[in-house]
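Colleague: Everything below, folded, please.
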Amino acid sequence: MSAVETQDESKLLLSVKIDQPSSCVRHVVVTIPRAEIERYFRKVYDEIAPRADLPGFRAGKIPRKLLENRFRQTATDQVKSSLVMDSLQQVTESGEFSAISEPDMDFGAVDIPASGDFTYEFKIEVRPAFETPAWKGLEIKKTEFKVTDDEVELQLHRTLERITQGEAVDDAAKLGDRVVVSIDFRHDGKLVSSVEEAVVTLRSKLSLADCIIENFGELLAGAKEGAKLATKVKIFETSLSESYRGVEVDAEISVEEVRRVNVEGMSKSVLDTLGFDTTDELKAFVRSELERQCEYHQNQLIRTQVSGLLTAGADWELPQALVRRQADREMHRRVLELRRSGFTDDQIRSVVNNLRRNIEETTKVALREHFVLEKIAEDLSIEPTEAEYDAEIELIAQQSDLSARQVKAKLERNGQMDALRNQILERRVIETIVAEAKLTTEDGGSILKEEADEFALEHLVAPVTQVLPEARYDEQPEDGSDNKSVKPS
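Modeller: Next comes the predicted model:
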């Protein structure tokens with residue numbers, strides 16, 4: 001038990017008992033002596049008196065006893081609110097723990113007694129207390145990637161296939177075509193959810209947030225506009241919708257249109273549409289985007305090593321509520337990181353879908369990593385600067401149709417600036433660790449892999465009202481093959 005006593009009138013005299021049910025949870029009991037309660041009541045009545053209006057009395061001249069009887073409930077409500085808020089602030093700022101959530105308490109059940117001390121309790125999630133792990137002199141392997149002219153040509157070919165709109169054709173669909181599809185998902189004849197006129201690249205599989213249509217390419221190859229095809233899909237056991245976990249649903253796929261791209265016909269008008277004057281200028285842009293993706297892969301491989309070394313003993317028990325709440329924030333951080341590194345929406349959706357399939361465990365890994373990196377940041381007084389925020393926002397803006405100002409406004413509106421802060425802070429910490437590490441290098445070869453055998457749609461077949469965890473650092477985009485180096489018109 002720790003007690004805080006002070007003569008400062010702006011602070012409360014109170015006693016605090018803190019128990020530790022688990023590494024990331026504190027149970028706190030706060031006791032405020034009667035003298036402090038009466039002090040707060042006097043202050044409230046002093047504020048009420050000049051404004052009180054009772055028949056037969058002039059303003060400010062109401063007898064104190066009558067004032068107290070008449071406004072007792074109003075004063076009690078104000079005193080309770082002030083005592084709880086002031087004491088909570090003192091407790092959380094005392095340095096006894098580092099809170100990462102709002103206190104979990106039933107404010108309505110808290111009552112100020114007619115006599116005696118005022119006691120209330122709450123639970124709160126906190127950062128685990130631990131010694132900063134030794135981070136200097138770690139042995140780390142750095143993977144080097146080089147972008148060749150052949151890779152730029154291949155990437156350009158893939159990019160044009162991805163970003164050009166293509167032309168509607170009467171031919172039967174084949175792998176690599178763009179197909180406009182609508183899909184109805186039903187269970188026992190009841191509509192569960194629908195996909196309306198989605199443009200997908202025809203690949204062997206269609207990946208959705210909570211299932212995979214394994215035979216998608218086989219079904220649609222050879223199909224023409226107007227075709228209707230049926231198959232069955234099984235919802236993942238990790239689905240956010242508990243009632244649909246492991247359930248098989250019927251999928252009816254309607255082919256609305258088949259589109260095909262003429263990659264070789266890159267005319268001056270196509271270049272103008274893409275925003276480039278010459279083919280060389282376009283190739284230079286593609287190269288720069290590939291280099292950014294190489295940097296991302298290199299950093300992710302280093303991050304995985306650093307995380308594994310620093311969190312080896314981080315076996316803290318993480319509350320389920322904390323994992324669920326932090327998952328969405330971590331996913332925002334991960335998506336922002338992918339965007340600033342030049343990955344496309346298709347690639348990001350694929351990563352997101354993969355991350356959802358191991359929701360809780362991946363979030364725990366990310367949380368443990370964040371706690372350690374943030375502890376090192378605090379020790380080194382590392383905090384993102386305004387210039388770093390601006391630079392990150394500018395990189396994200398380059399991958400969208402929005403200006404830097406619009407991106408910043410969107411991040412603020414969606415409450416994602418905290419995710420951006422974590423992204424910058426953690427990267428700076430890792431850069432500091434790498435600067436002090438014992439590095440060896442190895443050749444990483446090409447980041448351009450075989451074309452993915454699946455196309456990803458960000459759609460929950462079995463929808464839920466709350467989006468829960470995602471996040472894992474060892475899940476990386478398959479390749480740089482869908483580089484968002486060029487925007488569609």
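
Colleague: Buried residues of stretch 36-44, list them for me.
Modeller: Using 16 or more other C-beta atoms under 10 Å as the test for burial, stretch 36-44 gives 36-37, 40-41, 44. Where C-beta positions appear, they are placed from N, C-alpha and C, glycine not excepted.

Colleague: For Ala227, see how far away Ala172 is.
Modeller: Applying C-beta to C-beta, to the nearest Å, the value for Ala172 to Ala227 is 9 Å.

Colleague: would CSV of the buried residues of stretch 36-44 with distance to Phe185 and secondary structure be doable?
Modeller: Shown next, in CSV, are those (distance: C-beta to C-beta, whole Å; DSSP: H, G, I helix; E, B strand; the rest coil):
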residue, distance to Phe185, secondary structure
Glu36, 60, helix
Ile37, 59, helix
Tyr40, 58, helix
Phe41, 61, helix
Val44, 58, helix
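
Colleague: quick one: the strands in the stretch 101-250 of the chain?
Modeller: Taking DSSP state E, counting those that start in this stretch to define them, one finds strands in the stretch 101-250 of the chain at 118-125, 139-144, 167-168, 178-187, 190-201, 205-208, 211-213, 228-234, 248-260.

Colleague: Tabulate those (CSV), appending distance to Lys438 and mean neighbour count.
Modeller: Formatted as CSV, the strands of the stretch 101-250 of the chain follow (distance: least, C-beta to C-beta, whole Å; neighbours: other C-beta atoms under 10 Å):
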stretch, distance to Lys438, mean neighbour count
strand 118-125, 37, 19
strand 139-144, 5, 14
strand 167-168, 56, 12
strand 178-187, 49, 20
strand 190-201, 44, 14
strand 205-208, 40, 24
strand 211-213, 42, 22
strand 228-234, 48, 14
strand 248-260, 52, 18
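
Colleague: quick one: contacts for the closest residue to Thr74 other than its chain neighbours?
Modeller: Among residues not flanking Thr74 along the chain, Ile48 sits closest, at 7.2 Å (C-beta to C-beta, 6 or more residues apart in numbering). Listed by C-beta atoms under 8 Å, 6 or more residues apart in numbering, the contact set of Ile48 reads 67, 71, 74-75.

Colleague: And those residues, which is closest to Glu281?
Modeller: Thr74 (71.4 Å; C-beta to C-beta).

Colleague: Distance of that closest one relative to Asp46?
Modeller: 14 Å.

Colleague: When the two are compared, which one has more neighbours?
Modeller: Thr74 (13 against 10; other C-beta atoms under 10 Å).

Colleague: distance of that one from Ala251?
Modeller: When distance is defined by C-beta to C-beta, Thr74 is 60 Å away from Ala251.

Colleague: Then Tyr244?
Modeller: For Tyr244 relative to Ala251 (C-beta to C-beta), the value is 14 Å.

Colleague: again, but for Ala230
Modeller: 7 Å.

Colleague: all helices for the stretch 251-400 of the chain, in order.
Modeller: 268-274, 279-310, 320-340, 345-356, 359-379, 386-398 (DSSP state H, counting those that start in this stretch).

Colleague: and the third one, what's its mean pLDDT?
Modeller: Mean pLDDT, taken over the full extent of helix 320-340, equals 81.

Colleague: Against which helices or strands is it packed?
Modeller: Helices and strands touching helix 320-340, by 3 or more C-beta pairs under 8 Å, 6 or more residues apart in numbering; DSSP states H and E, are helix 345-356, helix 359-379, helix 386-398, helix 417-435.

Colleague: repeat that for 10 Å
Modeller: Counting contacts by 3 or more C-beta pairs under 10 Å, 6 or more residues apart in numbering; DSSP states H and E, helix 320-340 packs against strand 118-125, helix 279-310, helix 345-356, helix 359-379, helix 386-398, helix 404-413, helix 417-435.
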